[in-house]
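Participant: Prediction below, plus the sequence it came from.
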Amino acid sequence: MSEKTPDAAELELLPTAELHDRAVARARERRDLGFLWELLRAIPAAAAATGEVDRAEFDMLHVMSLLEEFRQAGDSDIADALRPVYVSYLTEHGG
């Protein structure tokens, strides 16, 4: 029996760290590099949305910096700004 795909309202009730963990785990299971890259690209904008303007100026060509941000994206002030990315992904792909 397959698991029911949660809808956005159900996902919005989850803590941000759990959304991050679920979305990243699902992307890993699906080998969805596109989502992981989307997440990496969204981190500077999320930083800007939280008032961390200097972080928003990250050069997108510095992949190592972005990978470190990705590692921390589920457990920081930026994580809450990334909630819509996690909810959208999990709604579309199950999780």
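Facilitator: In hand now; what should we look at?
Participant: mind checking the SS state of Ala23?
Facilitator: Using DSSP: H, G, I helix; E, B strand; the rest coil, the three-state assignment for Ala23 comes out as helix.
Participant: neighbours of the closest residue to it other than its chain neighbours, just the number please.
Facilitator: Leaving aside its sequence neighbours, Ala23 sits nearest to Tyr86 (C-beta to C-beta, 6 or more residues apart in numbering; 4.2 Å). C-betas here are computed from N, CA, C, even on glycine. A total of 27 residues lie near Tyr86 under the criterion other C-beta atoms under 10 Å.
Participant: Any chance you could list what contacts the helix or strand harbouring Tyr86?
Facilitator: Applying DSSP states H and E as the criterion places Tyr86 in helix 83-93. By C-beta atoms under 8 Å, 6 or more residues apart in numbering, the list of residues contacting helix 83-93 from outside reads 5-8, 11-12, 16, 19-20, 22-23, 26-27, 30, 32, 35, 38-39, 42, 95.
Participant: buried ones in it?
Facilitator: Using 16 or more other C-beta atoms under 10 Å as the test for burial, helix 83-93 gives 83, 85-87, 89-91.
Participant: Quick one: mean pLDDT for the biggest helix by length in the chain?
Facilitator: In terms of residue count, the longest helix belonging to the chain (DSSP state H) is helix 33-49. When pLDDT is averaged over helix 33-49, the result is 82.
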